[in-house]
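Enquirer: just a sequence and a predicted model for now, questions to come.
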Number of protein chains: 2
Amino acid sequence: MFEKYVKILKEKSLKITPQRIEILKYLDEHRTHPTVDEIYSELKVNNPSLSKTTVYNSLEILKEHKIIQSININGNESRYDFKNTMHHHFKCRKCGRIIDIDIACPNINKVLSEGHKIEEVHGYFKGICSECMEKEKRRG
Amino acid sequence: MFEKYVKILKEKSLKITPQRIEILKYLDEHRTHPTVDEIYSELKVNNPSLSKTTVYNSLEILKEHKIIQSININGNESRYDFKNTMHHHFKCRKCGRIIDIDIACPNINKVLSEGHKIEEVHGYFKGICSECMEKEKRRG
DNA sequence: GTGGCTGCAAATCATTTGCATATAC
DNA sequence: GTATATGCAAATGATTTGCAGCCAC
């Protein structure tokens, strides 16, 4: 079922290559905000000639066309997200998971009222997720 | 007037070294969110034997003790901020400035209500600042 | 006096670049 | 057929690490 990804690429008039399809498919099926290396290592299994450069190039062009988005909550490595609508992220320092946070901030209007033009908003929350908090409680 | 910085370090029981004082002073007097390299290059003028490793080490320990905070709005380089209270940042893609944004988001409580423990919040806004918007208007 | 700090050089790691070949259209 | 994408290797740049000597306390 590559149709879905072919369609996405076609809509943006992007060339349809197997690598781009595989990367899109991977991101769609792994909503865990994977790193470039995770994507590369996983896809290399079924396509040993895959180059990391191609992964970088493809992610960049997909991002430029707003098909995917990148997040950088650690500061040292980019992660990619198939979900392209505005939302935020929470990183748990216990389990390492990055969880989607779907809240809006009504006060953003204050920034707009000062005359700034906002094109992107990234909200990064860090702490301990609810599951890890539960585990800690149970242990006592 | 090093008293201010000596006091800050003493309060956290950190060793008082000339390098730490100079770094703190630089950050206090340059609220432009400088990079490690900017801090290093500037301080090296008056202290040629200064090492970039020391700048990294000092910033790290100051950050650990919550005397300063780091921001990473670009993804490729850390910047440092003398202001240690919670606030957000706006990066202008025209002039490159990083501007402090002092808004609170009341909806954060929704995240807390889901059981997550939030320890840090970073809000990164990107776009065009009010000054650059004005300039564009004037040009027509 | 001693443990932590500084400074130097080398290592690491994500990302970028240059370029020859391959492929989508 | 041609412009664009891929893949490889080398380069880059921020940050980290190892370690010897130095200095704050």
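Expert: The structure has been received and is ready for your questions.
Enquirer: only C-alpha atoms from now on, for both contacts and neighbour counts.
Expert: OK.
Enquirer: how about the strands in chain A?
Expert: Ranges of strands within chain A are A:69-71, A:79-81, A:88-92, A:98-101, A:117-128, based on DSSP state E.
Enquirer: need those strands in TSV with distance to DNA strand D, mean neighbour count and mean pLDDT, can you?
Expert: What follows is the strands of chain A, written out as TSV (distance: least, Cα to the nearest atom of the strand, whole Å; neighbours: other Cα atoms under 10 Å in any protein chain shown; pLDDT from 0 to 100):
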stretch	distance to DNA strand D	mean neighbour count	mean pLDDT
strand A:69-71	16	20	98
strand A:79-81	16	21	98
strand A:88-92	18	22	97
strand A:98-101	20	18	96
strand A:117-128	17	19	96
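Enquirer: and those strands as a markdown table, adding distance to residue A:32?
Expert: Converted to a markdown table, the strands of chain A look like this (distance: least, Cα to Cα, whole Å):
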| stretch | distance to residue A:32 |
| --- | --- |
| strand A:69-71 | 12 |
| strand A:79-81 | 8 |
| strand A:88-92 | 11 |
| strand A:98-101 | 7 |
| strand A:117-128 | 15 |
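Enquirer: ok, which of those comes nearest DNA strand C?
Expert: strand A:79-81 (7.1 Å; Cα to the nearest atom of the strand).
Enquirer: identify the residues contacting the closest one?
Expert: The contact list for strand A:79-81 (Cα atoms under 8 Å, 6 or more residues apart in numbering or on different chains) reads A:27, A:31-36, A:59, A:68-72.
Enquirer: restricted to buried residues, select these in ChimeraX.
Expert: In ChimeraX syntax, the buried subset of the contacts of strand A:79-81 is picked out as below (16 or more other Cα atoms under 10 Å in any protein chain shown):
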select /A:27,32,33,34,35,36,59,68,69,70,71,72
